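**Student:** sequence plus predicted model, see below.
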Amino acid sequence: MISIWKGLLSPDGTCEIDVCPFLQNLTCDAISRTAFGNSHEEGTKIFELLKKQGNLVMTARHTNNPLWRYPEWQARARQEVLQVFGNQNPNIEGLSQLKIVTMILYEVLRLYPPVLYFNRAIQKDLKVGNLLLPAGTKVSLPIILIHQDNDIWGDDAKEFKPERFAEGIAKATKGQVCYFPFGWGPRICIGQNFAILEAKIAISLLLQNFSFELSPNYAHRPHLSGFGRVSVARCVAGVKRCVLIERSKDDFAMNFEPFGGYMWNFLTP
Ligand code: HEM
């Protein structure tokens with residue numbers, strides 16, 4: 001990717017590109033090689049189909065703009081990367097010393113968790129606080145809503161502020177379970193260290209080779225994907241303190257806050 005980008009530079013050493021497809025290919029390639037021993041190119045068809053499927057369920061738009069602070073954090077991250085690695089390839093010891101890069105990654109995963117929510121089915125009747133969840137109930141944990149909740153993160157919850165994580169996740173969350181981009185408990189993501197390591201390597205290499213600025217043509221419009229319209233409408237309306245529970249085919253909603261209000265269900269439109 002780096003050599004392709006270098007080939008695209010004009011004589012003044014700059015170029016305008018959409019980095020997104022390249023970065024998507026990079027992550028697909030990393031997992032293809034690691035898990036299956038082949039390149040992304042060979043799996044292109046499958047990845048294209050997955051992308052198409054993702055786009056089909058894409059429904060809503062989201063309009064906060066945290067990117068105005070990127071340049072500042074980009075410079076800080078580059079300084080750190082150059083201090084740790086110089087112009088050498090990243091190595092495993094150095095990667096664990098990258099504090100600024102880690103803070104940025106945590107903040108990106110807070111604002112833009114790739115997994116928006118996950119579901120659980122209650123196996124046995126369960127009491128949580130004042131709430132009785134009968135066996136068979138399905139509940140969803142809306143990672144994205146919890147990650148952007150003003151009551152937890154403050155009025156600047158939607159702003160990009162990696163400094164929140166300056167003293168680690170436990171300090172940023174005040175010990176509460178309110179930051180879980182990789183899930184939680186026994187089924188926590190098995191790929192989380194892989195993903196963080198991969199991102200740190202990619203970011204380090206990119207910062208060693210390029211500097212980035214937003215194109216004047218860029219409009220910040222990240223969208224939620226994988227949500228049905230009804231859920232998105234609820235999300236936009238800010239109905240987060242609502243427990244929506246689906247039992248078999250009957251959907252019903254209850255408005256109460258025993259959980260701190262964070263159960264949220266995915267209802268099909
Ligand atoms: C930024 C990247 C990633 C994020 C945000 C992420 C997030 C998650 C989340 C939230 C879950 C829990 C789902 C649930 O509890 O229902 C999960 C599970 C899982 N993830 Fe990841 N993941 C990432 C990367 C990866 C990678 C790179 C791999 C493989 C190398 C991977 C493999 C898995 C597997 C196998 C599970 C299921 C674990 C189980 O159910 O026991 N993930 N991931």
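**Tutor:** Nice, thanks for sending it over. Numbers count the residues shown, from 1 in each chain.
**Student:** who in the stretch 151-269 of the chain is up against the ligand?
**Tutor:** 181-183, 187, 189-191, 194-195 (CB under 6 Å from any ligand atom). No exception for glycine: its C-beta is placed from N, CA and C like everyone else's.
**Student:** buried subset of these as a PyMOL selection?
**Tutor:** Of those, the buried ones go into a single PyMOL selection, burial set by 16 or more other CB atoms under 10 Å:
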select buried, resi 181+182+195
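**Student:** what would the residues of the stretch 151-269 of the chain next to the ligand look like in TSV with pLDDT and secondary structure?
**Tutor:** Formatted as TSV, these follow (pLDDT from 0 to 100; DSSP: H, G, I helix; E, B strand; the rest coil):
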residue	pLDDT	secondary structure
Pro181	96	coil
Phe182	96	coil
Gly183	92	coil
Arg187	89	helix
Cys189	94	coil
Ile190	94	coil
Gly191	94	coil
Phe194	95	helix
Ala195	96	helix
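**Student:** can you list contacts of stretch 194-205?
**Tutor:** Here stretch 194-205 makes contact (CB atoms under 8 Å, 6 or more residues apart in numbering) with 2, 23, 26-27, 30, 34, 77, 81, 85, 89-90, 95, 98, 101-102, 104-105, 182, 189.
**Student:** which ones among those residues lie within helices?
**Tutor:** Those of the contacts of stretch 194-205 mapping onto helices are 2, 23, 26-27, 30, 77, 81, 85, 95, 101-102, 104-105, per DSSP state H.
**Student:** quick one: buried ones out of those residues?
**Tutor:** Buried among the ones in helices among the contacts of stretch 194-205 (16+ other CB under 10 Å): 26-27, 30, 77, 81, 85, 95, 101-102, 104-105.
**Student:** what's the closest of the residues you listed to Lys174?
**Tutor:** Lowest distance from Lys174 to these (CB to CB) belongs to Thr102, with 19.1 Å.
**Student:** so that closest one is in contact with Ala166, correct?
**Tutor:** No. Using CB atoms under 8 Å, Thr102 is not in contact with Ala166, being 10.2 Å away.
**Student:** check the burial of Gly7 by counting its neighbours.
**Tutor:** Using other CB atoms under 10 Å, Gly7 has 8 other residues around it.
**Student:** Leu132 contacts Lys124, doesn't it?
**Tutor:** No. With contact defined as CB under 8 Å, Leu132 does not reach Lys124; the gap is 11.5 Å.
**Student:** so between these two, which is more surrounded?
**Tutor:** Between Leu132 and Lys124, counting by other CB under 10 Å, Leu132 is the more crowded of the two (11 against 8).
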